[in-house]
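[1] what follows is a predicted structure for the sequence shown.
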Amino acid sequence: MILKAKPRGDGRQLGRYLLTMGENEHIEVHEVRGFVSDDVAGALSEVDAIAKGTKCRQSLFSVSLNPPPNENVRIQTFEKAIEAIEEKNGLSGQPRVVVFHEKEGRRHCHAVWSRIDAETMTAKPLPFFKNKLQEVSKQLYLENGWQMPRGLIDKQNRDPRNFTLAEWQQAKRSGRHAGEIKGLIQEAWAISDTRQSFSHALEERGFYLARGDRRAYTAVTFEGEVIAIPRAIGKKTKDVRERLGKAEELRSIEETRQRIAEDILPRMKSHLDEARGKARLETGALNSRRSVMTETHAEERAKLDAGQKQRFEEESRSRSDRLRNGVLGLWDKLTGKRAKLEKQNEMEALWALQRDREQRHAVIASQMQERQNLQAEITATRSRHAQALLDLHSDTANYRLMQRGEAPKPRAKTSFERLEALREKSRQPESQRQSKPATQIKPKPKRQPLSPDERLKRLRERREQQRDRGPELEP
């Protein structure tokens, strides 16, 4: 379970975020503890009011808990993780809010603690909270048998396509995924060895090499967004300079944008508009299915909650009716019958709570599986249209080569295509695979079976060797 956290202030804004649907399809307030108010917005506003009596500007500690994508995680697992986070960071007993969000078939949790100690009116310190959260995260992966990410095992193995919020927002403005943008630029860098080859590889993927103002080497997208190449590929500027040469020889960002507008956009606009139109139609139909599914799932959960609430009230009345009042109740108390009935009622109430939790978990798990199946269709459709747009950009780059009288270059295989080729090769029958000549394969010599006399001789020799070792040390 990946844990991300930060101390922060402005509880009112955080409360609005936790309760805003936005991209979330379902929101569930799981717990509001230690506040006068019983709702999220009111509770976090209380923290803001109390913090005004202190000098603390970051009165909240907000943690997001993200389980592995394909794991069906129970509420108890989230609760155990929250308790571990609370204990590790010295927040035991502090007021907290727990909210669940669901989107794209995945469920994650937000836990927010108040750092303000109401008795001393001081903020709870959070030293090395990132290291402590990493320890809790590793423990959760081990306890639940989940496959631990390589970046969590060793920081050097982190995904190089991880991106910041600013990079994500920039990618969103250009209609692409930030991880996809970084992956394409890294791919172009990996298959090129000169500035010319790198520039052509970028153009095949919809980027154009340019000279930036603050960062010398940049890539301009088809939509005009600017991306720093050293940051995208995870290299230092001097390493990029060794391969690409002097930045002064490159076009400026303004000149590159003019080139895109004057040279490429008019020719490809109609094709790109057609491809994007098809993408909007298909994704629109899928989004309509998603909206209907979200409403249906919300109705099913509301119906389940109402049914469980009614059943709980009926069972509570039934358990209450067992306890007699008046003289009979006094007699039951004297004979010990009332204590037995109270114990029975307590056990049945706990069993009913566990039963309702399991029933709700089963319904949510079934709905999430249905939503994940739809999300797989959405992802496949997005990937297909993204590949179509990538092919259009590749065709544009090759058309420019042909205009100059040069032969078009074949499109380089992506890492995914190379992996698929290896898989195809592994699926071939043994007879079709290239094997070593028979002359190079040395047959293993067959071991001759030992006779009983030889086995007895070796056993005696082994005992003699053990006897020569001397006396054993006392424990």
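    That came through fine. Since we're looking at a predicted model, the values are computed, not measured. Numbering: from 1, shown residues only.
[2] any stretches of the stretch 201-350 of the chain with poor pLDDT?
    214-215, 222-224, 261-269, 271-272 (pLDDT under 70).
[3] A helix includes His110, no?
    No: His110 sits outside any helix when classified using DSSP: H, G, I helix; E, B strand; the rest coil, being strand.
[4] for it, give the beta-bridge partners.
    Following DSSP bridges, His110 is listed with bridge partners Ser64, Val99.
[5] neighbours of it, how many?
    Using other CB atoms under 10 Å, His110 has 19 neighbouring residues. For the C-beta atoms, the positions are set from N, CA and C on the backbone; glycine is no exception.
[6] can you check Ile185 too?
    23.
[7] contacts only, for it.
    Going by CB atoms under 8 Å, 6 or more residues apart in numbering, Ile185 touches 202, 205, 207, 219, 227, 229, 232-233.
[8] ok, and the most crowded of those residues?
    Using other CB under 10 Å as the neighbour criterion, Ala219 leads the contacts of Ile185 with 27 neighbours.
[9] tell me the secondary structure at that one.
    Secondary structure, three-state DSSP: Ala219 is strand.
[10] nearest residue to it in space, please, no chain neighbours.
    What sits nearest to Ala219 in space, not counting adjacent residues and going by CB to CB, 6 or more residues apart in numbering, is Phe207, at 4.1 Å.
[11] so how far is Lys246 from the one you found?
    Distance, Phe207 to Lys246, using CB to CB, to the nearest Å: 20 Å.
[12] show me where the chain has its strands.
    2-8, 26-33, 60-66, 96-103, 106-114, 116-117, 122-123, 207-211, 217-221, 226-228 (DSSP state E).
[13] what are the buried residues along the second one?
    What it means is strand 26-33. Under the neighbour-count criterion of 16 or more other CB atoms under 10 Å, strand 26-33 has 26-27, 32 buried.
[14] His30 reaches Arg96, doesn't it?
    No: applying CB atoms under 8 Å as the test, His30 and Arg96 come out as separate, 10.4 Å apart.
[15] longest helix anywhere in this protein?
    helix 337-403 (DSSP state H).
[16] so what's the gap between that one and the chain middle?
    Its chain's C-alpha centre and that of helix 337-403 lie 12 Å apart, by CA atoms, centre = their mean, to the nearest Å.
[17] the inter-axis angle of that helix versus strand 106-114?
    Relative orientation of helix 337-403 and strand 106-114, computed by axes from the mean of the first three to the mean of the last three CA atoms, to 10 degrees: 120 degrees.
[18] what does Phe35 show for phi and psi?
    The phi/psi pair for Phe35 (degrees, to the nearest 10) reads phi -120, psi 160.
[19] so what's it closest to, chain neighbours aside?
    Nearest to Phe35 is Ala43, by CB to CB, 6+ apart, at 3.9 Å.
[20] pull the number of nearby residues for the one you found.
    Ala43 has 23 neighbouring residues, counting by other CB under 10 Å.
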